[in-house]
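Colleague: just a sequence and a predicted model for now, questions to come.
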Amino acid sequence: MDARERALRQAHDHAVRWLASLADRRVPARASVDGIVRALGAHLPDGPSPPADVVDLLATACEPGLTAFPSGRFYGFVVGGTEPAALAADWLVSAWDQNCVMRAVSPAYAAVEEIAGAWLLDLLGLPGGSAVGFTTGATMANFTCLAAGRDAVLRRVGRDVARDGLAGGPAVRVVAGEDRHMAVDLALRYLGLGRPELVPADEQGRIDPEALRHALAVGGRRPTIVILQAGDIHSGAFDPFAETIRAAREADAWVHVDGAFGLWAAASPAYAHLTASVAHADSWATDAHKTLNVPYDCGLAVVRDPSALRAAMALHGEYLIHHELGDPVDKVPELSRRGRAFPVWAALRSLGRSGVADLVERLCRHARAFGAGIAGIDGASVLNDVVFTQVCAEFGDDERTDRVLDRLLDDGTAWISGSTWRGRRVLRISVSNWSTTDDDVTRTLDAIRRAAADI
């Protein structure tokens, strides 16, 4: 056994022990940053160390400082877990160590990306032939789609951004609902477009179609992008796509949908109605490491017009080997990147169409169970419609809600985060892990009841 094999076996053993611990371990980390620094040793050794010993030290020192994100009882953020086939495929990705930029260099990756992209369009009910790019997450997926939109609306008025840049050119107007996710604002900042104009939304975060139509009518025709969302981060609510996209089309706007976790509703017959008419947009962003449960990092950028995406993202170096059919690098901001399509393909191939639908419906079923359980606690109230994987609740007032959250963190049974939604402190549950069971929900609800009773 050579040094590499010994190191890999050591990593495998530690990984298996970690995964086996998830069912029963406390979800919050047990160690501090300072404690882990001491365990690892802050000083770089003068000489080399055996790779297997390095792996053992890393795993042993870091284990107490790990939060059980892959546990079925982590509900703090919409992070998902790692579906088994996707995890194993990700291990292969690291071992294969491919540069997945060009078809000529890694035809295996190009083939897998092509298949996985077509499957995703089919599952999500998006237009066949759309370009699918695999990014580092939803923020970069939004960035990618909005870059294509920015350049497209400027081309309509004769501005070539790739050649002339933004300075001195027509301003691009961006309109979004007031409850949009912060990732949208960050992507717009990266693109030099600034903060969007905000349109009122209802109490669940759904953009008001008439307010949108009115806003678009003010100021005359100009290059415009409208941003909608599939799945509000607090309520799980979906924008009314038929009316809003119609209003955007009347203004000749590019329509982008931020569907980081909610776009997956389209894969379920029980929840597909939430995304009705979403396919009429121009671009869509979602995550594979959220609802689909593939390893970090993996976002999905989908653009109806592949030429618009290539115009914004493609680069041409004399040393690169370009293929007439296009290359993976033509669709994403990063030049060199990990083979993110491999674990996506593995998850989809393992689950199949019915398995993806079942995963979505199971997550929603658990969210409904949380909503019903919390509503039965004295002094608690659920604030959202619980239409898709998200639950927001309060316990009388802001102070009491924060005390419940503190007790839950001390208890350690589950991780549930707090937030501020429409001016109120809330307990926010995000159900996104494929491995969450009915028992996980029951144990967590019991912990919430204990926390509420203690105050």
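Modeller: In hand now; what should we look at? Residues are numbered from 1 along each chain as shown.
Colleague: now stretch 330-342: mean pLDDT?
Modeller: Stretch 330-342 comes out with an average pLDDT of 82.
Colleague: CA atoms only: put that stretch into PDB for me.
Modeller: In PDB, the C-alpha atoms belonging to stretch 330-342 read as follows (Å, rounded to 0.1, in the frame of the first residue of the first chain):
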ATOM      1  CA  ASP A 330     -18.700  29.100 -22.600                       C
ATOM      2  CA  LYS A 331     -21.500  29.000 -20.100                       C
ATOM      3  CA  VAL A 332     -20.000  30.000 -16.700                       C
ATOM      4  CA  PRO A 333     -17.900  32.800 -15.200                       C
ATOM      5  CA  GLU A 334     -15.100  30.500 -14.000                       C
ATOM      6  CA  LEU A 335     -12.300  29.500 -16.400                       C
ATOM      7  CA  SER A 336     -11.100  26.400 -14.500                       C
ATOM      8  CA  ARG A 337     -13.600  24.500 -12.400                       C
ATOM      9  CA  ARG A 338     -14.500  21.300 -10.700                       C
ATOM     10  CA  GLY A 339     -16.700  18.800 -12.500                       C
ATOM     11  CA  ARG A 340     -19.900  19.800 -10.900                       C
ATOM     12  CA  ALA A 341     -22.100  18.000 -13.400                       C
ATOM     13  CA  PHE A 342     -20.800  14.600 -12.300                       C
END
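Colleague: ok, and what's touching it?
Modeller: Stretch 330-342 has contacts (Cβ atoms under 8 Å, 6 or more residues apart in numbering) with 89-90, 92-93, 96, 98-101, 106, 109, 112-113, 116-117, 131-136, 140, 143-144, 147, 288, 297-298, 301, 309-310, 313-315, 328-329. The way it works is simple: take the backbone N, C-alpha and C, and place the C-beta from them, glycine included.
Colleague: of these, keep whichever come out buried.
Modeller: 89-90, 93, 98, 100-101, 106, 109, 112-113, 116-117, 131-136, 140, 143-144, 147, 288, 297-298, 301, 309-310, 313-314, 328-329 (16 or more other Cβ atoms under 10 Å).
Colleague: keep only those of these that are in strands.
Modeller: Mapping the buried ones among the contacts of stretch 330-342 onto strands (DSSP state E) picks out Ala131, Val132, Gly133, Phe134, Thr135, Ala301.
Colleague: just the angle for the helix or strand hosting Trp284 relative to strand 131-135, thanks.
Modeller: Using DSSP states H and E, Trp284 maps to strand 283-287. Interaxial angle, strand 283-287 versus strand 131-135 (axes from the mean of the first three to the mean of the last three Cα atoms, to 10 degrees): 40 degrees.
Colleague: what's next to strand 283-287, contact-wise?
Modeller: For strand 283-287, the external contacting residues (Cβ under 8 Å, 6+ apart) are 78, 80, 124, 126, 137-138, 141-142, 144-146, 148-149, 230, 254-261, 263-264, 278, 298-304.
Colleague: how is this structure divided into domains?
Modeller: According to automatic domain parsing, the chain comprises the domains 3-63, 88-347, 353-454.
Colleague: nearest to Ser71, of these?
Modeller: domain 3-63 (4.6 Å; Cβ to Cβ).
Colleague: possible to save the ones in strands among the buried ones among the contacts of stretch 330-342 as JSON lines with distance to His12 and pLDDT?
Modeller: Converted to JSON lines, those look like this (distance: Cβ to Cβ, whole Å; pLDDT from 0 to 100):
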{"residue": "Ala131", "distance to His12": "37", "pLDDT": "97"}
{"residue": "Val132", "distance to His12": "32", "pLDDT": "97"}
{"residue": "Gly133", "distance to His12": "32", "pLDDT": "95"}
{"residue": "Phe134", "distance to His12": "26", "pLDDT": "95"}
{"residue": "Thr135", "distance to His12": "29", "pLDDT": "94"}
{"residue": "Ala301", "distance to His12": "33", "pLDDT": "97"}
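Colleague: next, Val441: secondary structure please.
Modeller: helix (DSSP: H, G, I helix; E, B strand; the rest coil).
Colleague: please report how far it lies from Gln390.
Modeller: 15 Å (Cβ to Cβ, to the nearest Å).
Colleague: these two: who's more crowded?
Modeller: Gln390 (28 against 23; other Cβ atoms under 10 Å).
Colleague: secondary structure element holding the nearest residue to the more buried one once chain neighbours are set aside?
Modeller: Spatially, and ignoring its direct neighbours in sequence, Gln390 is nearest to Gly236 (3.6 Å; Cβ to Cβ, 6 or more residues apart in numbering). Using DSSP H and E, Gly236 sits in no helix or strand.
Colleague: that'll do, ta.
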